[in-house]
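Asker: Take a look and give me a structure for this.
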Amino acid sequence: MSQADKPATAVLDALIDRLHEQGRLRVWSLVVTIFGDAIVPRGGRVALATLQEIIERLRIEPGALRTAMSRLASDRWVTRERQGRNSYFSLDAHGRHAFDLATRRIYAGAPPGWAGKWTVAIAPPGSSNGVDLASHGFVRVNGAVFLRAETEDATDARAELADMLVIHGESAEHPEAIRALWPAQEIAEAYLAFAASFAPLKEALNGGAVLRGIDAMAARTLLIHDWRRIVLRDPGLPAALLPADWPAEAARHTAGEIYARLATPSEDWLDKAELPPVADPARFATRWR
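Answerer: Next up, the predicted model:
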């Protein structure tokens with residue numbers, strides 16, 4: 001490691017400390033981050049040893065990873081196969097569908113466009129508790145009523161809405177009142193905390209420091225893991241429905257700038273881990289743009 005690179009490594013270690021200070025680690029969630037960000041673009045299959053190297057750099061015990069993989073397999077996120085003494089994990093169809101829904105929101109370059117259209121969905125009595133519409137951008141108005149601004153990137157939720165009363169409309173009085181229906185202040189604070197936590201890494205990388213090899217992969221994992229957990233709680237409203245001082249765009253800029261600097265060295269590490277190549281490696285450096 002060169003003297004110039006030490007600041008970035010010190011910041012990475014501080015970010016790993018922060019990960020462990022946040023309470024009990026959900027290792028399975030970290031693995032989901034790794035799959036969605038780094039493994040899916042390379043075919044969705046990875047050796048356990050590769051996952052273990054990333055997890056160990058994050059100071060997580062191998063036993064915790066094995067437990068996480070067993071849980072993901074039980075929940076139909078991954079399937080396991082053995083080749084000799086080596087174990088490999090691939091995405092199950094259920095897991096791939098969940099990643100496809102999340103990817104566009106995680107790497108979106110800006111708030112989505114909107115022409116003023118709305119969808120209201122009302123679940124039959126007693127059937128709303130198990131409905132997952134948040135991943136499709138719906139806000140729960142109460143236990144049985146859901147609302148979505150029909151943005152340009154809205155996902156196809158017809159299967160989830162199949163048993164509901166669905167109403168479409170193009171007008172609403174005081175549409176900005178939708179902000180009262182979801183934890184806007186809590187999510188705004190999460191964006192601010194994200195930008196503050198990763199600002200030292202951005203400063204170090206912009207100052208000429210470089211994270212290489214497993215360090216670049218570990219930093220990339222932490223960056224996307226924190227970002228993913230915020231973005232997937234955010235309904236992704238169009239700019240017209242957001243507060244004027246909404247901090248998501250500043251946080252998005254921080255994420256994109258750091259990711260662009262980590263993309264090449266982390267992809268180089270994945271190449272050496274013998275994962276299948278991506279079809280278009282340059283696209284990693286241009287996410288969020």
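
Asker: Next, the buried residues of the helix or strand that contains H168.
Answerer: In the assignment (DSSP states H and E), H168 maps to strand 165-169. For strand 165-169, burial by neighbour count (16 or more other Cβ atoms under 10 Å) applies to no residue. Any C-beta I mention is one placed from the backbone N, CA and C, and that applies to glycine too.

Asker: Could you list the paired strands of it along with their orientation?
Answerer: strand 114-122 (antiparallel) (DSSP bridges).

Asker: before we move on, back to that, export the strand holding H168 as PDB, just CAs?
Answerer: The C-alpha trace of strand 165-169 is given here as PDB (Å, rounded to 0.1, in the frame of the first residue of the first chain):
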ATOM      1  CA  LEU A 165     -60.000  -2.900  -6.300                       C
ATOM      2  CA  VAL A 166     -57.800  -0.700  -8.500                       C
ATOM      3  CA  ILE A 167     -58.600   3.000  -9.300                       C
ATOM      4  CA  HIS A 168     -56.700   5.200 -11.700                       C
ATOM      5  CA  GLY A 169     -56.900   8.900 -11.800                       C
END
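
Asker: what helices or strands is the longest helix anywhere in the chain leaning on?
Answerer: For the chain, the helix with the greatest residue count under DSSP state H is helix 248-272. Contacts defined by 3 or more Cβ pairs under 8 Å, 6 or more residues apart in numbering; DSSP states H and E place helix 248-272 against helix 184-206, helix 213-231, helix 282-285.

Asker: Any chance of TSV for those, columns mean neighbour count?
Answerer: Formatted as TSV, the entries for the helices and strands packed on helix 248-272 read as follows, by neighbours: other Cβ atoms under 10 Å:
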stretch	mean neighbour count
helix 184-206	17
helix 213-231	22
helix 282-285	14
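
Asker: okay, now the domains of this structure?
Answerer: According to automatic domain parsing, the chain comprises the domains 114-181, 183-285.

Asker: thinking again about what came up before, show me how far the strand holding H168 is from its chain's centre.
Answerer: 29 Å (Cα atoms, centre = their mean, to the nearest Å).

Asker: before we move on, what about stretch 111-130?
Answerer: 22 Å.

Asker: ok, back up a step: quick check: mean pLDDT across the strand holding H168?
Answerer: Taken as a whole, strand 165-169 has a mean pLDDT of 94.

Asker: try stretch 102-114
Answerer: 86.

Asker: would you turn the helices and strands packed on helix 248-272 into TSV with distance to L241?
Answerer: Converted to TSV, these look like this (distance: least, Cβ to Cβ, whole Å):
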stretch	distance to L241
helix 184-206	10
helix 213-231	16
helix 282-285	29
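
Asker: Please name the residues that touch the nearest residue to F89 once chain neighbours are set aside.
Answerer: In space, and not counting its chain neighbours, F89 is closest to V78: 4.6 Å by Cβ to Cβ, 6 or more residues apart in numbering. Going by Cβ atoms under 8 Å, 6 or more residues apart in numbering, V78 touches F35, M69, L72, F89, S90, L91, D92, G95.
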